[in-house]
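Participant: What follows is a predicted structure for the sequence shown.
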Amino acid sequence: MAKLTYRIVEHDGGWAYKVGDTYSETFPSHSDALQAARIASSEQQIAGQTDGIEYEDVNGKWHSELADGRDRPETEVQDDPAA
């Protein structure tokens, strides 16, 4: 599984963290966004329950799988004010 990187960025007149192309809510300060990213990053690594899941793919075919609750991604928070 790939590493998830939480990046602190300016967004909508404030600050947010971004994972891939997805932004968090906007925070009033850089430090608020950084704290939220650290919390979200650490929570992303907490194991959950193994459970069955069902989903439909782009071709309309349904799949059933067992999702291992211990299969959690590695995460990091990247705060590069110069970027």
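Facilitator: Alright, I've got the coordinates.

Participant: which stretches of this protein form strands?
Facilitator: For the chain, the strands defined by DSSP state E cover 4-11, 14-19, 22-23, 51-56, 62-67, 75-78.

Participant: Pick out the residue nearest the middle of the protein.
Facilitator: Residue closest to the mean C-alpha point of the chain, counted by C-alpha atoms, centre = their mean, is V19 at 5.5 Å.

Participant: so who does that one touch?
Facilitator: L4, T5, Y6, R7 (C-beta atoms under 8 Å, 6 or more residues apart in numbering). C-beta here means a position set from N, CA and C on the backbone, and glycine is covered the same way.

Participant: what about the protein, any weak spots by pLDDT?
Facilitator: Counting by pLDDT under 70, the chain has low-confidence residues at 1-2, 46, 68-69, 71-72, 81-83.

Participant: again, 90 this time
Facilitator: In the predicted model, the chain carries pLDDT under 90 at residues 1-4, 20, 42-58, 64-76, 79-83.

Participant: Give the burial count for the nearest residue to W62 once chain neighbours are set aside, as a bare number.
Facilitator: In space, and not counting its chain neighbours, W62 is closest to E56: 5.3 Å by C-beta to C-beta, 6 or more residues apart in numbering. As a burial measure, E56 scores 9 neighbours (other C-beta atoms under 10 Å).

Participant: again, but for Q44
Facilitator: Q44 sits with 14 neighbouring residues when counted by other C-beta under 10 Å.

Participant: For it, which non-adjacent residue is spatially closest?
Facilitator: Counting by C-beta to C-beta, 6+ apart, T75 is the residue found nearest to Q44 once chain neighbours are left out, at 5.1 Å.

Participant: do E74 as well
Facilitator: Counting by C-beta to C-beta, 6+ apart, the residue nearest E74 is K3, at 4.6 Å.

Participant: Among the strands of the chain, which comes closest to Q45?
Facilitator: Of all the strands of the chain, the one in closest proximity to Q45, counting by C-beta to C-beta, is strand 75-78 (5.8 Å).

Participant: For that closest one, what is the distance to the chain centroid?
Facilitator: 10 Å (C-alpha atoms, centre = their mean, to the nearest Å).
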